[in-house]
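> Here's my sequence, what's the structure:
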Amino acid sequence: MIQIPKRLAAMAEYIHWGERVADIGTDHGLLPIFLFNQKISPKVILSDIRPGPLEKAKANLLAYSPEMAADLRLGNGLETLRSGEVDTVVIAGMGGMMITEILAKDQKKTRSFRKYILQPRNGQDKLRIWLYKNGYTVNKERLVKEGNHICEVRCYFSTKIPCSKN
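Presented below is the predicted three-dimensional model:
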């Protein structure tokens, strides 16, 4: 069984059973693998802009979930997704300005996804302002200690769908 860090576990808590999930900037792919193995998400998409992280994710898939039909996609941000293809988009571990750029690039497509779980490494204030100005509301948020860092994990939505399972 795969063990995931507290930061990823906090994100997983915001994902409901049956939701289709895309992990943008997946890096190692641990969150999507966990969601699939726990039978939380029937469909997970692992997307990254660089081939190296996708290779790392593929190796982790083989190690932790060889039966999983992997949907690995190489590309920039939400460009790898079709409108409405997933319920929840996770964007974590990158700067708030980069997350803002990803969300702002194609607003029609961005709004086609019901829920976002965001975990910026920096620039949280700029991201929060952009989300507020564009009509997204934070439903849940929490701080998680990971090593020497305090990570902010937030769940945003544009429809009345709760982010936590509680």
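> What residues sit buried inside stretch 111-126?
111-120, 123-124 (16 or more other C-beta atoms under 10 Å). Every C-beta, even on glycine, is put in place using the N, C-alpha and C of the backbone.
> Output these in a markdown table; the columns should cover pLDDT, secondary structure and distance to residue 9.
Compiled in a markdown table, the buried residues of stretch 111-126 are given as follows (pLDDT from 0 to 100; DSSP: H, G, I helix; E, B strand; the rest coil; distance: C-beta to C-beta, whole Å):
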| residue | pLDDT | secondary structure | distance to residue 9 |
| --- | --- | --- | --- |
| 111 | 91 | coil | 28 |
| 112 | 93 | coil | 27 |
| 113 | 94 | coil | 22 |
| 114 | 91 | coil | 22 |
| 115 | 93 | strand | 18 |
| 116 | 95 | strand | 18 |
| 117 | 96 | strand | 12 |
| 118 | 95 | strand | 16 |
| 119 | 94 | strand | 12 |
| 120 | 94 | coil | 18 |
| 123 | 92 | coil | 24 |
| 124 | 92 | helix | 20 |
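> Would you mind putting the residues you listed into a markdown table with distance to residue 90 alongside?
Output for those, formatted as a markdown table (distance: C-beta to C-beta, whole Å):
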| residue | distance to residue 90 |
| --- | --- |
| 111 | 17 |
| 112 | 16 |
| 113 | 11 |
| 114 | 13 |
| 115 | 9 |
| 116 | 8 |
| 117 | 5 |
| 118 | 8 |
| 119 | 8 |
| 120 | 12 |
| 123 | 18 |
| 124 | 16 |
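> ok, how many other residues are close to the residue nearest to residue 145 when sequence neighbours are not counted?
Once flanking residues are discounted, residue 145 sits nearest to residue 6: 7.1 Å by C-beta to C-beta, 6 or more residues apart in numbering. By other C-beta atoms under 10 Å, 13 other residues sit near residue 6.
> Start from the N-terminal end of the protein and give the strands.
For the chain, strands defined by DSSP state E occupy the ranges 21-24, 44-48, 72-74, 88-92, 115-119, 137-146, 149-157.
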